[in-house]
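[1] coords please:
(chains A and B)
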Amino acid sequence: MPFSTRNILVSKVRGLSPSQSSSNGSYTQVRGVRIGPGSYLNRDYGLVGRHTLPRSHMIQWFGEKALNGDFYKNPFCYAPWDHIPNYIPHTSSKISRDDIVKKIADSNYRKNVNENTYKPFPLNPFTKTSFLLSEELREAILQSCRDPKMSLWQVSSRYGIRKERVAATVKLANIENKWENEGKITPDLARYAHRMYMMMPITNGRLSQSTLADRLGEEPMEEIIPPQAAQRNNIQIMHETAKFSPEDAASFFRAPEAAELMDRQLYSDMPKAFSFQDVNDKDLVKKIKQWKGRYTDVVFKGNNIWTAIPAKAGKVGYRYGASRDHRKKHRKHKDERLNI
Amino acid sequence: MPKKPSSPLRSLARGLLRASWHKQNLYNIFKKEAYRRSASLYQQKWESKRETRAYHGEHMTENNWLGIFQKNLVGAEILHDKDDKSGEREPLPFGLQLYAPIERRLDMAMFRAMFAGSPRQAREFISSGKVKVNGSKVKHGFYPLRPGDVFSVEPECVLTAVGREKPSNGLSKAIDAKQLEAFKKFQESCREDPRNMFEQKFTPVSVDGPYDPDRLYGKVRAMTVENLTNKIQGLSLDGVSAEELIARGKEEVEQYRNEFQVNGIVAADDQSISQVATQFFRLDNSGSNSSPEADDLLKKIVQRRVDIQQAELEELVRLFRGAASVYDPRWYYAYLEEYCGSELPWQDGAYGLQDLSKPYFTPWTPRNFLAPFAIVPWHLEISYKTCHAVYLRDPITRRGHSEVISPLPLYMHENAYLFYVRDRQ
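    Just a heads-up that it's a prediction; the model follows:
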């Protein structure tokens, strides 16, 4: 009989009894199993080798091992290449593992992309994955940002991506260019980056609206986070028939109206580049210019310029340790600083 | 001293969900059910606290967590018109904002950006000085990020965390031996029954997954094509000297000498070679002095032989280049050592040890069971090429969506919030 080569890297799992061959696909139900006190004595529950019942269930859930130790039959083992995530599917708890495996193995499963494919955890429908910017969208954003006529909010609303994200994309692109020029991106790193890109869901934003990912990836632009004052309990006593309007709320918080606040948040531009012309102390400016970019950014608060400089710690730890205990006279090192 | 977990991190009996990429943790997440035990309110709050704290900030002590716990839970709302029907809107999951302050921590942000397999591993990288925030080295995992901060990790750490485990020399040799044995059996069965093997349509499992089944074999075929094209070029007679050609021709012709002496004609595998060889023998009977005509004939023989060999190989190249849809009895030659030139052609060097200087599996491949945890966060912008990430803003909630990533249901977070607030108003 010719050697069965359905998979080249295949081997038999140790610890499975001949009757419990997992190639037949007899998986045990793991969800909702109420394990009673004497169940470990009952081999019908699916004990494997000399393991406990929960561990036996887990071993069978992982499935058969390949030659190199991979659980290659487990549908969650390998990462995808087609930008469609491979999460635990949203099903009821009554469904058995066999049915879930069949569902994922079905070739149509990955084609029927709906909102649930982008929700990683079946118990929490509020957690959804975001989307990476596709190469086209990223290039378009960077190109638009280089255009001096377009402001940040214009770029943001054109492509359906938040301002902070656009600014961050530009920042990271500059770092990437710098690394490429310096040759810091090794082949392994490039391989890793490409693989992560292929694994994660991507979006084209407002460039194209063809897939569900493009629509889901468009971020909500018209939302505001309430200011600090509004986050506290605020109680105002007023007459029964009096009406409370947005202007009254604005005057209570001593802030502009919500609509105006929203406009400001949405349409404020990037902070202007700081110029050193207003600063009087030229020597200080020289010093700061030397330090800038080397350590942390320079911060201007009031009339002062702040930056972080490396601190001199001195001898760290030289007082500690049994050999340096200054109280014991026969020890090696004495702390003569303290004159004890 | 970093805090150790009070219970085993991956206990199967307790089934607590952890912020980790470990496969046992994945099993616990898969197995978890949403059920509410009928218990007193305090018991429910306690159990919710236990489950949620096991995932969110398990590496922090309770006092540290209470220090950053905030009573006010903030959500974002879109300004609606007065006529908007509020009943149709999705709920705002405020409860999930409970553990939002933890996402601000550097170790948690690194875990969310997929630079480390868990906040504990992230903390290890941070304390060993491999992480920078805005260009400065930060050695504490609790460092709170502010909107706009750029944090970066050394690429070697990330590649080790996200990649497969580097096998030991012994393990690598053992796996290579098994692979070789299986591959030899495959080649044997191809020789025995090529038709059957062709129709079976295998799906080989590579180190990086079965989603593209032809990739592994495609790679082997490409190698063979390259080897064969090199061979074809190597066979050509461009730079060969005349004396060498004559010597080669003489060698070739020697095999037919006996036949000519017996039969009077040469019957070689190729017609033109036979004709030229018979001409040569009729011309050159003595064999000591070589006339220019004889040399020409010898050169012709050599050229013809090379042409035949090149044509054969070119045909094979054409066969291997296309995806094998039509059956050809030589289809499996691409996987034989004499053509692809290597015992294990899909692998360059030992298994996982292509580059011994690296601390991770080489060539780099992602670790197993990474896919269910491959979540792109909303509050970070990540650059995988340089292992940098930008902390955009604190994670918030909006209608039907929470930026705080949690595998546990909303009611558990709400109960945990009630536990921590403790009706102290």
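[2] Which residue, other than its chain neighbours, is closest to whatever residue of chain B ends up closest to chain A?
    Residue nearest to chain A within chain B: residue B:209 (2.9 Å; Cβ to the nearest Cβ). Placement of C-beta: from N, CA and C, glycine included. Computed as Cβ to Cβ, 6 or more residues apart in numbering or on different chains, the closest residue to residue B:209 that is not its neighbour in sequence is residue A:78, at 2.9 Å.
[3] What ranges in chain A fall below the confidence cut-off?
    A:1-45, A:92-98, A:101, A:105, A:221-229, A:231, A:261-281, A:284-285, A:287-340 (pLDDT under 70).
[4] Which stretches in the stretch 51-200 of chain A count as helices?
    For the stretch 51-200 of chain A, the helices defined by DSSP state H, counting those that start in this stretch occupy A:53-62, A:97-105, A:135-146, A:152-159, A:163-182, A:187-199.
[5] now the ones you listed as JSON lines including mean neighbour count and distance to chain B?
    Below are these laid out as JSON lines (neighbours: other Cβ atoms under 10 Å in any protein chain shown; distance: least, Cβ to the nearest Cβ, whole Å):
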{"stretch": "helix A:53-62", "mean neighbour count": "20", "distance to chain B": "4"}
{"stretch": "helix A:97-105", "mean neighbour count": "15", "distance to chain B": "8"}
{"stretch": "helix A:135-146", "mean neighbour count": "16", "distance to chain B": "10"}
{"stretch": "helix A:152-159", "mean neighbour count": "18", "distance to chain B": "13"}
{"stretch": "helix A:163-182", "mean neighbour count": "17", "distance to chain B": "4"}
{"stretch": "helix A:187-199", "mean neighbour count": "17", "distance to chain B": "4"}
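[6] picking that back up, would you check how far apart the residue nearest to residue B:209 and residue B:194 are?
    Distance of residue A:78 to residue B:194, given as Cβ to Cβ, to the nearest Å: 30 Å.
[7] Show me which of those two is the more surrounded one.
    Using other Cβ atoms under 10 Å in any protein chain shown as the criterion, residue A:78 and residue B:194 rank with residue A:78 on top: 25 against 17.
[8] ok, the more buried one touching residue B:372?
    No. Taking contacts as Cβ atoms under 8 Å, residue A:78 lies outside contact range of residue B:372: 11.2 Å.
[9] Now do the shared contacts for these two.
    Residues touching both residue A:78 and residue B:372 by Cβ atoms under 8 Å, 6 or more residues apart in numbering or on different chains: residue A:86.
[10] Check chain B for its longest helix and report it.
    The longest helix of chain B (DSSP state H) is helix B:292-321.
[11] tell me what the following helix or strand past that helix is packed against?
    Beyond helix B:292-321 on the C-terminal side, the first helix or strand identified by DSSP states H and E is helix B:337-340. If you count contacts as 3 or more Cβ pairs under 8 Å, 6 or more residues apart in numbering or on different chains; DSSP states H and E, helix B:337-340 packs onto helix B:214-235.
[12] For the stretch 251-400 of chain B, what lies in contact range of chain A?
    B:351, B:358, B:360, B:362-366, B:368-378, B:381-388, B:390, B:392-393, B:396-398, B:400 (Cβ under 8 Å from any Cβ of the partner chain).
[13] Now, those that are in strands?
    In strands, defined here by DSSP state E, the members of those are B:381, B:382, B:383, B:388, B:390, B:397, B:398.
[14] Was I right to think the fourth one contacts residue B:149?
    Meaning residue B:388. No. When contacts are counted by Cβ under 8 Å, residue B:388 is not listed as touching residue B:149 (10.8 Å).
[15] Between the two, tell me which one has more neighbours.
    The residue with more neighbours, out of residue B:388 and residue B:149, is residue B:388; 22 against 18, by other Cβ under 10 Å.
[16] Chain neighbours aside, what residue packs nearest to that one?
    residue B:152 (4.4 Å).
[17] can you confirm that neighbour is in a strand?
    Yes. Judged by DSSP: H, G, I helix; E, B strand; the rest coil, residue B:152 forms part of a strand.
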